[in-house]
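J.: can you look at this prediction? I've put the sequence above it.
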Amino acid sequence: MSDSTSIWGDRDLHPVLAEYLADVDPHLLDVGWSFETAKSVEYGLTDQSMLNHVRNGVFAIVWLNEIAPSFDAHELSDDELRKVVALFAVHDLHKLRGEQEMDEEYDIEADEVADLVDALGVDSFAPDLRIETFHACAVDHANTWNSNPEHSTRTYDRLRPYVRLADAFASCETPEAATVERNQTGLEVAYPGTDLELRHHTLDDVKGVFTNLLNGAVSHVLEERFGYERFLIYQDGCVYLTDEDAEMTVDDELIGDVYDRLQSDIGDSHPAYDDHDALADNLSTQSHGFYTINDQDFFYAGARNLLYAVAVKAKQDADPDSDPTDSMAETMETLNERLPIDIDATTRVAPGYARLVYTFKRAFVDPLVDAGLTDEDALTVTCRLFDVDEGVLDGLREIRDDEAVDLTAGGKWDYAYAVGQHIADRARRDHWQDVPGEVAKLLITNLDALDEGWDDIVMGAHAGQFETELRAYIGDVLRVGGQASPPTAEMDELSDPFEAHHATRRGKTCTFCNRGTTSTRKGDMKAPKSLTTLQAGYSNRIPADAGQPEKLLVCTPCQIEFSLRETGSSRRDAGRLFVHLVPDYFYTPTMWDLYADEIFARFTGEAMTRVGRLASAMFDVTTTEDRDRADETPISESISTVLREATRAEDVGGRSMIEQLQNGFDPDAGFGTQTLSFYKPQDNETEFQFFGVFVGLAVASTMGLRAYVSQSPIPEVRGRDFSEMVTLDAGFTTVNGFYGREIPLSKLRNRLGAAAALIELGYELARDDARFAKYLRIVRNKPLPGSYLLKRAVQDSDDGGAARYLLEEADYLDRYGNPTNDADTTTVIHE
Ligand SMILES: [Zn+2]
């Protein structure tokens, strides 16, 4: 197995992990473990593949071994760790042996163990391990009555606690499950003499990018305040390792810390938020001579970055080559008559900088004056902060008191021309190369000297409602160690969605998540204009009586989610599908980094998908082990092909279809959930849903992730709310019959294989997606739909030979096309 086909790229990892990924993991794929169940909904558990069971245990034990020493716990040597990984890879052999009587479950012969060791390549991965030790592990890894400890070896006796620990964590569906007493005991057995403790936090609501950033903020606060070390990452929470029973209370103070961290993390998490040029583009110019700044931009980028952005915009407007309007020139002349300053009334230089001055006065100085930070009036403070000469300031005050001149007519503030000229003079005199940078530096230095608290006051004035809403939200959804916050002032103000619904017909609840708001004004929930492009995509979410899209009520957390998505993705089209990816069951921090950087990062807005080739590779993935071909491609290679065909470079063809929503966000700032959006030109709803679900599930299964596919951009259910590998929302009526509404792991292989076969056969007939509505009817109604379609393809082709290579696809579709008549779903098809 060469590294070149690995989906994980070439990263600097713990050496044991790197070798596991290069030398063992591909074998798990090749033997078909992506579709073998380690845990299954049929047994009352949440689906988990054998592949992910092994991956989870391996990543968890390696990461545990990396973080445990910081709590003075023993660290396994690389050699010991390698043995634990090798043993863990084969520990669930009994699950592959078909139906067994309970008391014979672990009666496994050494030969069987040797076959698996060979198939997985773990003998060369850990050459020092004897087959007896592998055997001991296969018959005695679980702490159950029917296991066979008498087979143990000394090596296995020594490593058993770590194999069991890997197994225990790999099996935990939720953060709560991972911190149960049994796992605590397992830690004590593996690390005697230490006081390692397991802790967790959970979030009761999942949206997307915002949820990840909240996860990140909570995690960073718990780390800094209580010494928690991040161990496992779930979709809606994290598990931590710590070494003391630190007094941990969920209260107002913790919520405040999480809020502060969240606010500053968001600003730092994406390059767009301190890109002053991009922020400057968001400013709109008002005819009164100032710029309006979105409150959301204050929240994300902070007051200092926005000050800089305003200066950038003003510099662009301070154009020495364009003429001022007559009224500008007139006002500047008037000022020249009365002030000891020479304003250049022939260009737009002073008017351009004047916009900066007025904007600064409105958005920064006024809130400080209103808050009583200074005894001076806004004009005086503004001039002082710009270092305007005392003589000019005196002149401006005199004009203010002169009834013959009105510099504030119609909402203007024409004092700004004088300050604008002052900036231009200063820039020339001091040879400023970077005028916006110098102006921002000057203002911030002077503001800091005025009062260190200026920043909080300005932020409060513009983003204060975000703080109230978000503190209420955090208090409402955050649990640490199962502990919820007692009601805070903000939470008390949250409207009860149920009551609100009855009070007024649609109430003050969010269209997307049905949450309430703290605001008493319904207007606060109206989505800002900047989000209307996104709203266009949600026609299916508009209540029948709601009228125009701008009437949508969107809660603050959802608004933030949508605007984060606008930053992280490029699609705005209506009628997209969303694939909400859920880890199976978790990521370790290492795993999340790998996923984010090596896999999710491929799903940019530019990535091109070739559905036909993707289907062909997917057919190989789902059927390779059923086939008897000498030249068959290993599944691990076909899996790489699926991902490659989903995310090709722009210049090599295909269509732009599927994109992650958090491009460019720092994976360390936010983690846990991931959403892909699917879009293509739609001929009819049936074909659109058929292809959307297929592409979404193909990439999800290739990545080894569970999925909820919805028409709503905000998921209605979390991963913990369903047990199957895949759930489709209720809107997929026309394709539910083909895929099934819930797809357990035990059926996923056949559903994907049948869809891939149908696409291959359909595309052989014509490259026309519109026809797939008809093909799905054929699948539903014909007893042998594959043979039927193949026959048509042969008739259509010139020599009849072109379609012959699709015999296997046709056969597969005959057998599995209609989910209601496939009794046998998991085993070999060619009996
Ligand atoms: Zn909402």
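T.: Yep, it's here.
J.: contacting residues around residue 602?
T.: Taking Cβ atoms under 8 Å, 6 or more residues apart in numbering, we find residue 602 in contact with 643, 646-647. In short, each C-beta sits where N, CA and C put it, glycine included.
J.: quick check: mean pLDDT across the helix or strand containing residue 277?
T.: Per DSSP states H and E: residue 277 is located in helix 276-281. Confidence over helix 276-281 (mean pLDDT, whole number) is 88.
J.: show the contacting residues for residue 69.
T.: residue 75.
J.: ok, residue 240 next?
T.: Listed by Cβ under 8 Å, 6+ apart, the contact set of residue 240 reads 198-201, 219, 222-223, 228-231.
J.: separation between it and residue 221?
T.: Distance of residue 240 to residue 221, given as Cβ to Cβ, to the nearest Å: 12 Å.
J.: circling back: give me the subset of the contacts of residue 602 that lies in strands.
T.: Of the contacts of residue 602, none are assigned to strands by DSSP state E.
J.: can you list those residues in a markdown table and add neighbour count and pLDDT?
T.: Formatted as a markdown table, the contacts of residue 602 follow (neighbours: other Cβ atoms under 10 Å; pLDDT from 0 to 100):
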| residue | neighbour count | pLDDT |
| --- | --- | --- |
| 643 | 19 | 90 |
| 646 | 27 | 92 |
| 647 | 24 | 91 |
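J.: residue 448: which of these is nearest?
T.: Nearest to residue 448 among those is residue 647, at 46.5 Å by Cβ to Cβ.
J.: the residue in the stretch 1-150 of the chain positioned nearest to the ion - how many residues pack around it?
T.: Among residues of the stretch 1-150 of the chain, the one nearest the ion by Cβ to the ion turns out to be residue 46. It sits 26.2 Å away. Using other Cβ atoms under 10 Å, residue 46 has 23 neighbouring residues.
J.: can you report phi and psi for it?
T.: Backbone torsions for residue 46, taken as degrees, to the nearest 10, come to phi -80, psi 130.
J.: residue 678 against residue 694, yeah?
T.: No. Checked against Cβ atoms under 8 Å, the pair residue 678 and residue 694 is beyond contact range at 9.7 Å.
J.: per-residue confidence for the nearest residue to residue 670 once chain neighbours are set aside?
T.: Nearest residue to residue 670, sequence neighbours excluded (Cβ to Cβ, 6 or more residues apart in numbering): residue 212, at 3.2 Å. For residue 212, the model assigns a pLDDT of 96.
J.: could I get the contacting residues of residue 212?
T.: Taking Cβ under 8 Å, 6+ apart, we find residue 212 in contact with 662, 665, 669-673.
J.: then residue 798?
T.: Going by Cβ under 8 Å, 6+ apart, the list of residues near residue 798 is empty.
J.: is it fair to say residue 240 lies in a strand?
T.: Yes. The assignment for residue 240 is a strand, going by DSSP: H, G, I helix; E, B strand; the rest coil.
J.: just the strands from the stretch 551-700 of the chain, written as ranges.
T.: Shown for the stretch 551-700 of the chain, the strands assigned by DSSP state E, counting those that start in this stretch span residues 577-582, 608-609, 655-656, 658-660, 674-678.
J.: quick one: closest of those strands to residue 428.
T.: With Cβ to Cβ as the measure, strand 658-660 is the member of these nearest residue 428 (47.3 Å).
J.: related to what we said a few turns ago, what's the closest of the contacts of residue 212 to the ion?
T.: Nearest member of the contacts of residue 212 to the ion, counting by Cβ to the ion, is residue 673, at 15.4 Å.
J.: so the closest one sits right up against residue 235, yeah?
T.: Yes. Contact criterion Cβ under 8 Å: residue 673 and residue 235 qualify, at 4.9 Å.
J.: need the residues touching each of the two.
T.: Joint contacts of residue 673 and residue 235 (Cβ under 8 Å, 6+ apart) are 206, 582.
J.: which one's more surrounded, these two?
T.: Just comparing residue 673 and residue 235: by other Cβ under 10 Å the higher neighbour count belongs to residue 235, 30 against 27.
J.: and that one, what does it touch?
T.: By Cβ under 8 Å, 6+ apart, the neighbours of residue 235 are 206, 582-583, 672-673, 718-720.
J.: cool, residue 792 as well?
T.: Each residue near residue 792 by Cβ under 8 Å, 6+ apart is listed here: residue 765.
J.: tell me how far the residue of the stretch 351-500 of the chain with the smallest separation from the ion lies from residue 658.
T.: Ranked by Cβ to the ion, the top residue of the stretch 351-500 of the chain for proximity to the ion is residue 473, at 9.2 Å. Going from residue 473 to residue 658 by Cβ to Cβ gives 30 Å.
J.: what's the helix or strand for the closest residue to residue 259 other than its chain neighbours?
T.: Excluding the flanking residues, the one nearest residue 259 by Cβ to Cβ, 6+ apart is residue 471, at 5.2 Å. Secondary-structure assignment from DSSP H and E places residue 471 in helix 454-477.
J.: which ones are touching residue 333?
T.: Contact analysis of residue 333 by Cβ under 8 Å, 6+ apart lists residue 345.
J.: so for the host helix or strand of it, mean pLDDT?
T.: Using DSSP H and E, residue 333 sits in helix 326-338. For helix 326-338, mean pLDDT rounds to 94.
J.: name the residues of that helix that are buried.
T.: Across helix 326-338, burial judged by 16 or more other Cβ atoms under 10 Å covers 328-329, 331-332, 334-336.
J.: for stretch 303-323, same thing?
T.: For stretch 303-323, a neighbour-count test (16+ other Cβ under 10 Å) marks 303-315, 317-318 as buried.
J.: and what of stretch 462-481?
T.: Result for stretch 462-481 [16+ other Cβ under 10 Å]: buried residues 462-463, 465-480.
J.: that older thread, out of the contacts of residue 212, what pair is the most spread apart?
T.: Distance extremes for these: the farthest pair is 669 and 673 at 13.6 Å, using Cβ to Cβ.
J.: that older thread, now do the contacts for the residue nearest to residue 259.
T.: Residue 471 neighbours (Cβ under 8 Å, 6+ apart): 255-256, 259, 488, 490.
J.: repeat that for residue 16.
T.: The neighbourhood of residue 16, defined by Cβ under 8 Å, 6+ apart, consists of 62, 78, 81-82, 85.
J.: just for the stretch 701-831 of the chain, where's the confidence low?
T.: 799-803, 821-831 (pLDDT under 70).
J.: if we can go back for a sec, alpha carbons of the helix holding residue 333, as PDB, please.
T.: Output of helix 326-338 as PDB, limited to C-alpha atoms (Å, rounded to 0.1, in the frame of the first residue of the first chain):
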ATOM      1  CA  ASP A 326     -21.100  72.300  -5.800                       C
ATOM      2  CA  SER A 327     -22.600  72.000  -2.300                       C
ATOM      3  CA  MET A 328     -19.300  70.400  -1.000                       C
ATOM      4  CA  ALA A 329     -17.300  73.200  -2.500                       C
ATOM      5  CA  GLU A 330     -19.600  75.900  -1.200                       C
ATOM      6  CA  THR A 331     -19.400  74.500   2.400                       C
ATOM      7  CA  MET A 332     -15.600  74.200   2.200                       C
ATOM      8  CA  GLU A 333     -15.300  77.800   1.000                       C
ATOM      9  CA  THR A 334     -17.600  79.000   3.900                       C
ATOM     10  CA  LEU A 335     -15.300  77.200   6.400                       C
ATOM     11  CA  ASN A 336     -12.200  78.700   4.800                       C
ATOM     12  CA  GLU A 337     -13.600  82.200   5.400                       C
ATOM     13  CA  ARG A 338     -13.900  81.500   9.100                       C
END
